[in-house]
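# below: sequence and its predicted model.
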Amino acid sequence: MTNKAFTFLALAALCFLTTTDASAQQDIFTKRDNSQVRDGAGSYFKLLAVLPANLKLKLIEKSNRWAKVELPDKQKGWIAENCLEEKPTTKQMGKDLSKTWSSSKASRAGVAAAVKGFAKRFSKASDGSIEVIVEQRIADFSDGDYQAFKRELNSKRAKVNSNITLASLDFDSPYYDARLSEVEIGAGVAAKIATAFGLVEDPTLNRYVNMIAAALVENTNYYDWDFGVFILNDESINGFACPGGYIFITLGAIKNCSDESELAAIIGHEIAHIIRRHGLQEVTKRLTKIKAEGAFAELEEEIGDEKDEDEKELEDIAAQSYERIVRKRLIAYEFEADKIGSVLCAMAGYDPYGMVRISETVARVQATMPVPKEEFNSEYFAPDDAKERIKQIKSFVEKNYAATSSGRLKERYERTTR
């Protein structure tokens, strides 16, 4: 190599290092409350901290819609790019939240303590159920597990020849009171449901359904949301979606699927209820006065041991949410969730016709099975409603997707659920 060539390469390397270093020193700001920082670039990595809006961070690097950042306390982690902006909002210009933000209040432990405290008071559920609800949301699969799961899915990806996305569905923006504290409400309702039914303790099966959920949202704007799927020890076919990302499916629902695309359809349907905030929309319509405000990580500190008016209001909201979730669902929400669920499946690589097949199975089986718990006697699968749902989702899928036999992953489903 000539001296001239060597000098050129050295200068190029120096420029690269300088550019990388400049990027690492760039200031960036959180743009929404409750922005989550994790120890890896994915929603299934361990939660490190929860940040308020307009907090200044140091950008280190970017990777696949995630950014590695340095927090004010020098802790490093990954945050979704959709939580960040280059400048703070106008009203926050000149304010430095780095000096008032406390990592101890916004840590994962602090969040868990606040959620557990509310769930225990509201639900009167067993401590064990509350612990599982909060702790199981920490994904128990590794990045290697998930990448292997996706490789098998992509190798059998459905060929549907459609570019339909959630945005193209053109649903109205959901109206709900933004002050509703989704995580506390959801945890309280979830703990109550878990106690009533009991949870299936099967690490392999729990890991499986949670990886399906991660795959369903990965290519959407909800890729950083913290969803947790729980399996209820019940032979009926049912599912529940609680605010804050808590999803329940019954063991009976899993057993009545024929392949993974049908199971993905059930999970996708419940995800749709959460991202469209169907439960909170309905509760908002019923409430005339809502005082539940404040960051959920600071709830315990604010309310102390004595119940104040705000806490009672929050418990009333949770009670109404519980009634809304376990009893009759509004059919319009079900139509919407079916469509969104089928689109989520197709985007992930699953056969979207799985939603049609499982809807037909559910209608057929549910009509012959007794409801085991009167408390959960739902009209969700009333015969006329079921027929109309099948009609609508079949029409939607046939209009937007070509029929396919790929993307079903029957072998993996049977291997895992056997």
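Arrived safely. Numbering: from 1, shown residues only.

# contacts, neighbours, all on C-alpha from now
Fine.

# domains in this structure, by residue range?
3-105, 110-417 (automatic domain parsing).

# who's in contact with residue 157?
349, 350, 351, 406, 407 (C-alpha atoms under 8 Å, 6 or more residues apart in numbering).

# now the last one, what's its secondary structure?
Using DSSP: H, G, I helix; E, B strand; the rest coil as the criterion, the local structure at residue 407 reads coil.

# and the third one, by the same measure?
Classification of residue 351 into helix, strand or coil gives coil, according to three-state DSSP.

# check contacts around it.
Contacts for residue 351 (C-alpha under 8 Å, 6+ apart) come out as 157, 158, 160, 261, 345, 404, 405, 406, 407, 408.

# cool, and residue 352?
261, 265, 342, 343, 345, 346, 397, 401.

# what's the answer for residue 160, then?
Counting by C-alpha under 8 Å, 6+ apart, residue 160 has contacts 346, 351, 401, 402, 403, 404.

# any regions of the stretch 101-250 of the chain where pLDDT drops low?
101-112, 114-115, 118-128, 135-139, 173-181 (pLDDT under 70).

# let me know whether residue 86 touches residue 29 as I believe.
Yes. Contact status for residue 86 versus residue 29: in contact at 6.0 Å, counting by C-alpha atoms under 8 Å.

# next, count neighbours for the nearest residue to residue 409 once chain neighbours are set aside.
Residue nearest to residue 409 in three dimensions, not counting chain neighbours: residue 260, with 5.4 Å by C-alpha to C-alpha, 6 or more residues apart in numbering. Neighbourhood size, residue 260 [other C-alpha atoms under 10 Å]: 26.

# measure residue 260 to residue 71 for me?
Distance, residue 260 to residue 71, by C-alpha to C-alpha, to the nearest Å: 40 Å.

# so what's the backbone phi/psi at the residue nearest to residue 409?
phi -70, psi -30 (degrees, to the nearest 10).

# just list the residues touching it, thanks.
By C-alpha under 8 Å, 6+ apart, the neighbours of residue 260 are 408, 409, 410, 412, 413.

# how about the helices in the stretch 201-350 of the chain?
203-217, 251-255, 260-275, 278-286, 299-303, 309-326, 331-348 (DSSP state H, counting those that start in this stretch).

# out of these, which gets the lowest mean score?
Ranked by mean pLDDT, the helices of the stretch 201-350 of the chain end with helix 299-303 in last place, scoring a mean of 42.

# which elements pack onto the longest strand seen in the chain?
Assignment by DSSP state E gives strand 56-63 as the longest strand of the chain. Counting contacts by 3 or more C-alpha pairs under 8 Å, 6 or more residues apart in numbering; DSSP states H and E, strand 56-63 packs against helix 3-24, strand 26-30, strand 66-70.

# quick one: strands adjacent to that strand?
The strands beside strand 56-63 in its sheet (DSSP bridges) come out as strand 26-30 (antiparallel), strand 66-70 (antiparallel).

# of these, flag the one that's most buried.
strand 66-70 (a mean of 22; mean count of other C-alpha atoms under 10 Å).

# next secondary structure after that strand?
strand 76-80 (DSSP states H and E).

# report all helices and strands that that following strand contacts.
strand 35-38, strand 66-70.

# dump those strands to JSON lines, plus distance to residue 256 and mean pLDDT.
Formatted as JSON lines, the helices and strands packed on strand 76-80 follow (distance: least, C-alpha to C-alpha, whole Å; pLDDT from 0 to 100):
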{"stretch": "strand 35-38", "distance to residue 256": "35", "mean pLDDT": "88"}
{"stretch": "strand 66-70", "distance to residue 256": "37", "mean pLDDT": "95"}
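
# quick check: which of the ones you listed is nearest to residue 255?
Among these, the nearest to residue 255 by C-alpha to C-alpha is strand 35-38 (33.7 Å).

# check which helices and strands the next helix or strand after the closest one is in contact with.
Once the chain leaves strand 35-38, the next helix or strand it forms, by DSSP H and E, is strand 47-51. Of the remaining helices and strands, those touching strand 47-51 by 3+ C-alpha pairs under 8 Å, 6+ apart are strand 35-38, helix 108-123.

# list the buried residues for the shortest one?
Read that as strand 35-38. Going by neighbour count (16 or more other C-alpha atoms under 10 Å), the buried part of strand 35-38 is 35, 36, 37, 38.

# cool, stretch 154-171 as well?
Buried residues in stretch 154-171 (16+ other C-alpha under 10 Å): 156, 157, 158, 159, 160.
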